[in-house]
Structures are given as structure tokens and as C-alpha cells.
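[1] Below is the sequence, then the predicted model.
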Amino acid sequence: MPAHLLDVRDVAKSFPGVRALDGVTFHLDRGEVCSIAGENGAGKSTLLAILGGALTPDRGVVALQGSVRHEYNPRTALADGVVIAHQEPAVVPQLTVAQNLLLGRSRAERASSADIVERALEDVRLMGFPLNRNDRLATLSPAQRHALTIARAFAFDPKVVALDEPTTSMLEHNVEHVLARIRELAHERGVGILYVSHKLPEVMNVSDSVVVLRDGKVAFRSPIGETDTDEIVRRMVGRDLLRFTRDHPAAADAPVVFSARGVTHPRGIGPISMDVRRGEVLGIAGLVGSGRTEFLRAVIRADRGCSGSVELDGRRVRVSGPGDSRRAGIAFIPEDRKGQGLVLGLPAFANVAMTASGEFSTGPFTSRRKQRAVARDAARTLALRPGNVELKARQFSGGNQQKLVIAKWMWRDSAVYLFDEPTKGVDVGGRYEIYKFIDELAGAGKAIVVVSSDLPELVTLCDRVLVMRAGRINSLHEGAGITEHALVASAMGQNGGFNG
Amino acid sequence: MAEPEGAVRRGRVRLPAVSAQALGIYLAAVAIFVLLGVLNPDFLTLGNLRDVAVSACINAIIGLGVTFVIITGGIDLSVGSIASLVGIVSANLMVNHGVTPVLGLITGLVAGMVCGLVNGGLVTGLKLPPFIATLGTMSVFQGCAYVVTNGNPVYSVPASFVFMLNSYVGGVPTAVVLVLIIGVVAWLVLRRTVFGENVIAVGGSQETAWLSGIHVNRVKLGVYALSGALAGVAGLVLVARINAAQPEGGSPYLLTAIAAAVIGGANLMGGEGRIAGTLVGALILGALTNGLVLLNVPSFYEQIVTGAVVIVAVAVDQGAKGWPMLRGRRTEPPAGTDPAKPADETVRADAR
């Protein structure tokens, strides 16, 4: 039996607190275009990193034409003919098109460069982007750079090419040309292509087959002709639900305690207005890049150039920066715990006390005793493990780091909690505790906003869910209307008919 | 229930704030003193140790201010020029304009602080990188120092001024007393005030500090003002020591003061720095200068030794942290897991 072009067998990879891949098996043949679909965090990026040699799997093998790969590093992967074209084009803006095409290639490979550059330029032209070999990348649009990145991936006779969201910056009519060229390249040159995209119409258009990843496992694999977008969406989201029910759902007639009015962010987000009632958990769904994080940052004015206003209990509060929003009682728990939520080199109690502005002071001096007492109190409430607040923040697992960030705001008794991806990279047990805590906050009459890419999380946790798309609110879902399917459909572009 | 500091909890003693890493610098200092003492017994006499302490004072005072700046992740290259400028301004006021020594002292302190505020304004207002901002003001303040007296030194400052900063109380030099006082206050400010905690937070992760509601710009303004004020104090001490003000008097102390802070454990990437470490760093540099003279080593070699000590100290410090810059192996999910965030936020250099 002839070996497959690419064989991935039982590949597993864990990071502290996260099982990113858990026994992934599939194969790819010459000339085949296989789409890899899955939600954020399903394991797509980890899979590509392993194929590209950037990561070594904990278990399992990757074989090319029957020969098992022994060593994982980017150079051997390239030598094996496996090329990963990343979502962010890896190009040097100061260099020309030709120089970028040859970047990192050895002298031997460059010997035939005239031919290779011409061929790549022809590929780019066929994708609808006529480029000159001497154009500097800095002068090109993002779409042109993406096209060049695709052509570059095919330039040195690869066997396997993985394309990660190659069309995000392109307009509809360009995408058709690009997809057509990708299919031709696969067939003409016998290349196996892995195509990663959130855009399901593209997946249906370009692929021969589809593999759906969910929680690090292959949830579904099918020839493209035997399935449809509906089924793919269902397989993407249909994970085992964490069994959690809110003890404190919001009362429908509860008064509005937090309002955003015409909030905008300079990255083309908004204007967005919304109300959150006392004890309510309002979810915000949407694709990565739809402006959810920017909206939260605009509320607390974390970036320059934001506008709009914020009302607490119907009264407008002046917020010109995070210091003001802290004073007003608005807590922001950012997505990037390590870079934005904590100072990793400081002890847990110092992190917890970081939101203080003199509350722990006696005269001119702060009291570590008070800081520790408050931190220990919060650690107990949140079931922080280990409960030792002397440990440095970096010594805690992802879920417990998340609890630390929450603890920073909890002792202040903030009135509004803005959570950005509260359970990203948190294991099931930690998730449960964080959900429980959010529910208790709601029970205590706080107003809560949860941005999440984890749809079951939004379904489980929220009283209402807004879906954002391209910087605007696309739809509002309440009660029985909060289904994963409805949220995905709206996030991916079906008009929900909401004019917020 | 909160226990007093240092209490035994769950079988673990809460150690005072001397980590193993910080211990290294104290051991190194002791080793250097013992070595110099063995090579030349005159080194360890009381009189000579007093000279060592006095010679370390200016580096210590400037170094303490720079330590605050370095902890925020910044740098202040203008401290030498500020010391020169303050020295010449104060001396000129006292000698040529009849200002009283106390007023001259206060004027110097304020002038130093104003220079620091200019630096802070450039860094926070114009968003200039601290290196560039203070590289510029280094030249500007030096130029101002020349302008004040047309480049001429100012001689014979009032005896009462010299008495304040260059005499002895109970056999201890007043400059050393001053350094100890500044050191204690600096430690309290850094470790026991909201401002100090904010300084450390800003240096540890500016974005975290900002999102925690800390007024990052105010903190930065504060550290540059502090650095400028202390550089001014050092300039005054220098004037008192040589009984005159030279328009370039402070410039040799720029790099040695930064070296003292770095030897003492200040991390130019921000977030780390120790008051006691900087003092010991200054003491080591003073001991080397003094010891090499006693050993009749030509003075040109002093710079070579000083540079080597800085390199060794930082190398050992980095070694204690496990050479983070060499450990490229990622232990976190690959960048791009979340395309909305730039990759460099996912994998940070200080992530373990």
C-alpha cells in the first residue's frame, strides 16, 4: 500500500494546564486540499506548529511519504518540504518582493532563483495581484502581502503547504482568484494543502476534505461533498457541555446599573451602546478581531482616541483612563493574564494589592500585613491553589492566575466587572470555579460583561448575549434564543437585525 | 489571621527580603575587601575604609536615583550633567551672588528636581524613549553648566557649606551619614509606599500597571524628578569635597553610578532593583579604585577592572536567573493561538 503524503498519527501536546492536542490522527494525499476547522483554542495553531517543527509532540508521529519524522525543528521541516504560511505574513517590509521570496534560503537554493522568483510572481499575478519583483513590501497592501506569502510557500517545490487564514485581509472577488489558484497549485504540482479558515464558504469552496478539531481531538472528518456548513458548525461547537447552572439568574425587571453610550475605539470599533442590569451577566460573542476586546478597553479608556460615555446607576461618570474607571468601580479582567493582568515576578499579594490607591496605607507607609490579609481573604473566597499568597504570580497555573486577576478587583468591591475571555486556557475544574464565582458576583448585584470565544460558556453563563461583527453589534440574543448555532451564524455574518 | 512579619507558617520561615540572588553581591563585596586587604594590609585600616566610603558617596547618591528610574524600565543618562549644572549654579549663587549656604543647597536640590521633571516630561509627554530623551538632556544640561559661568570654575565656596557636606560627625564623614539617611528613606519609599509599589509594578509590566488603574505617567515623572534631585545632591557633595565647582565635575559619575545600580542587581529591562544592592555596588567600585591605587596599579587599569566587574556581576546575576535570554524553548501555546494579539505578547521574555 503506498504511504500517504502526510500521515499524522495519535499526536498529543500539552501545555501547563491545557491539553492542546489529544491524539490527533488524519492523513493528506498528493494534490489534496484538506481544511482544518475548529474554534479558537481547538488546537489548530498547535497542530500547525508541530507540522512546521516549532513544537515537538508529547506523543504520536508525523510521517512524510512513509518516513517518520524524528527531529522537530523548523529547518528540518522545511528540508522535508513542509511549509507553513502563517496568518501574519512573515515578511520584511524594508525588503523587495524578490528579496522576501528568497529570504532564509541557502546559496544553493538561490542558484535557481531567477526561475523561482518569476514563477512566484506568476502565481501572484494569477491570484489577481500583479506585483513587480522590485516593489518594496512596505508599499504593498495587506492583501498583496498575503498573496505573496502564499506564493512564497509554494516557491521551493514543497510537498505539504499549510495556509493559516490566508484570506483575512482580502476582498470577496480577490478571494475567488486566490482559492482557484490554490486548487490549481495543488493539482498541477501534486502538493498536499492544509487550509485553515474560519470562513466556512471558503472551506466548502476550496477543499477536497475537512477535518474538524474540537478540544484537541479530531471531532469529525469527511470528504467535502458529503457534508455541509451546518454539519461542520455543529461538529465545531458540539462539545461535552460543562454541567453548570446559574444559581442567581438576573431578574428581568432589575434596574440598569451600567450603561455604555456610543463607545468607540480608534480601530474602527463602534459606536456601541448597551445596558447591563443589576445581577445580570451580559455576554459578547464574535469572531476574533470583531472588536470585543477593543470595546472593553474603550469603556475604561485604556487606549488613546476612544470616545463615548459610561453611566453607573443612571449617572454619567467621567472616565479618562483606567485610574478613573477603577475609582468609579469598574473592573477590567484582561484576556492576557501574564502580560496585562499580573506582574509575574511579584508575589501574589502584591499583585492583588496593585489596584489599591492608599487603602492599605497607614500614614505615608503601606502595610504589607493588611495587603496579605486581604489577599489571603480573596484567595480563600476564590479557592486559590496553592493558597500561599507569598508565591510569585508566575508560580500559579493558568486558572489560578485568572483567580488572582479577579482577586485584584474583588476586594475593591467593584460594581461592574468586565471579563475578557475569563476561562481561556483554564482547565475544566478551574472553569467551574470561575463560573461559580461570576454567578456569585451576579447574585451580589454586580453588573457583569463577559467577552468569550467559548460559545458553550456564553450559553451557560449569560442572561443575554450580544454578537459583535466587524466592530458593531450584529444581534442580541435572550433566553431560549441563546444557542451556539445562532451565535455562530450571527458572528459569521448572518444579519441578526439588531440596531444597537 | 494575620501574623507578624517573619512568623513561622506551616513549617516555613518567611525569610527577610534577602534572596539568594541578592546575597551574591554581598559575598562578592566581602571577597573583594578581603582580597584587597590580603594584598595590601593598609587597605583594611579604619582610615582607609573611611576614604573608601567617602569616595563611594557620589556614585551611591546618583546610583540610588538611577535605581528608581531603572526599575521602571527607563534610564537616566543626564545625571552626570545635572550634578555638574547644580554644582555650578549653587556655587555661583553662593560665591558671586551672596546667597546663604542653606538657600544655595535648597536651590541646588530644586534645580536638580526641575531637570528631572524635564526628563520625565519628555518621556511621558512626548513619549520619547528614555535613552534618547536623557541623551539629549545630558548634552543640554551640560551646555547650561558651561553657560552659567562661561565655562569657568567657581572657587572658594563658603566654609559653612563645605562644613555641612564635607566634615565629620563623631569621626564619621557627613557625606556618609547623608548617604545612609538617603538610603533608608529610599528603601522606605521603594518598599513601603504606594509610590514605590507602583514603581515596581510599572517596571514589571507597564500594561498590567496601567490596566490596574496606576497613573503610569505620574510614576515615571516621579522617578525622573527623584533621579534629578539626587543627582543634584551629589553635585553639591562634589562641590563641598573639592571646595570648588567645575562645569564638568559630574560627568565622570554617569557611567559609574549606573554601574553601581547594575552591580547591585538593577535590571535594565525593569521591575528589579535594590537599594542596598546599589549602595554595595558603589562601595565595591570605591574599594576597587582605592585598592588599585594602594597596590600601585597604574590608574588606566582601573577602568578595565571596573568594566570587568560590571560584566561579571551582571553575568552572574543572569546566570542565577537561568539565562532567560538563551532559553528560547517555548512552554506556552504557540503564538497565533489568538490572532487578535501580537505574538510578542503571548511569549514574553520573562515568562517561565
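    Thanks, I have it.

[2] Show the model's pLDDT score for A:Gly31.
    Among the per-residue scores, A:Gly31 shows a pLDDT of 94.

[3] ugh, wrong one, A:Gly387
    At A:Gly387, the model reports a pLDDT of 87.

[4] can you give me phi and psi for it?
    With angles defined as degrees, to the nearest 10, A:Gly387 shows backbone torsions of phi -80, psi 10.

[5] Tell me which residues touch it, please.
    With contacts defined as Cβ atoms under 8 Å, 6 or more residues apart in numbering or on different chains, A:Gly387 is in contact with A:Arg376, A:Ala379, A:Arg380. C-beta coordinates here come from the backbone N, C-alpha and C atoms, glycine included.

[6] looking at it, the second one is touching A:Ile406, isn't it?
    No: under the criterion of Cβ atoms under 8 Å, A:Ala379 is not in contact with A:Ile406, lying 10.8 Å apart.

[7] any common contacting residues for these two?
    Common neighbours of A:Ala379 and A:Ile406 (Cβ under 8 Å, 6+ apart) do not exist.

[8] any chance of the contacts of A:Gly387 in a markdown table, with secondary structure too?
    Formatted as a markdown table, those follow (DSSP: H, G, I helix; E, B strand; the rest coil):
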| residue | secondary structure |
| --- | --- |
| A:Arg376 | helix |
| A:Ala379 | helix |
| A:Arg380 | helix |
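
[9] near chain B too, which of those residues?
    A:Arg376 (Cβ under 8 Å from any Cβ of the partner chain).

[10] Which among the contacts of A:Gly387 count as buried?
    Among these, those buried by neighbour count (16 or more other Cβ atoms under 10 Å in any protein chain shown) are A:Arg376, A:Ala379.

[11] Now pLDDT too, for the contacts of A:Gly387, in a markdown table please.
    Formatted as a markdown table, the contacts of A:Gly387 follow (pLDDT from 0 to 100):
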| residue | pLDDT |
| --- | --- |
| A:Arg376 | 95 |
| A:Ala379 | 92 |
| A:Arg380 | 91 |
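
[12] What segments of the stretch 1-150 of chain B are strands?
    For the stretch 1-150 of chain B, the strands defined by DSSP state E, counting those that start in this stretch cover B:8-9, B:12-13.

[13] and if you look at the stretch 151-300 of chain B?
    For the stretch 151-300 of chain B, the strands defined by DSSP E, counting those that start in this stretch occupy B:154-155, B:168-169, B:172-173, B:244-245.

[14] Least confident of the ones you listed, on average?
    Confidence, taken as mean pLDDT, is least for strand B:168-169 of those (a mean of 90).

[15] Pull the residues that contact that one.
    Counting by Cβ under 8 Å, 6+ apart, B:Thr174, B:Val177 sit against strand B:168-169.

[16] And for stretch B:215-228?
    In contact with stretch B:215-228 (Cβ under 8 Å, 6+ apart) are residues A:321, A:323, B:65-66, B:68-69, B:71-72, B:74, B:76, B:78-79, B:82, B:112-121, B:123-124, B:195, B:198-199, B:202, B:206, B:209-210.

[17] Please, a ChimeraX command that selects the buried ones among these?
    Buried subset of the contacts of stretch B:215-228, written as a ChimeraX selection, criterion 16+ other Cβ under 10 Å:
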select /A:321,323 /B:65,66,68,69,71,72,74,76,78,79,82,112,113,115,116,117,118,119,120,121,123,124,195,198,199,202,206,209,210
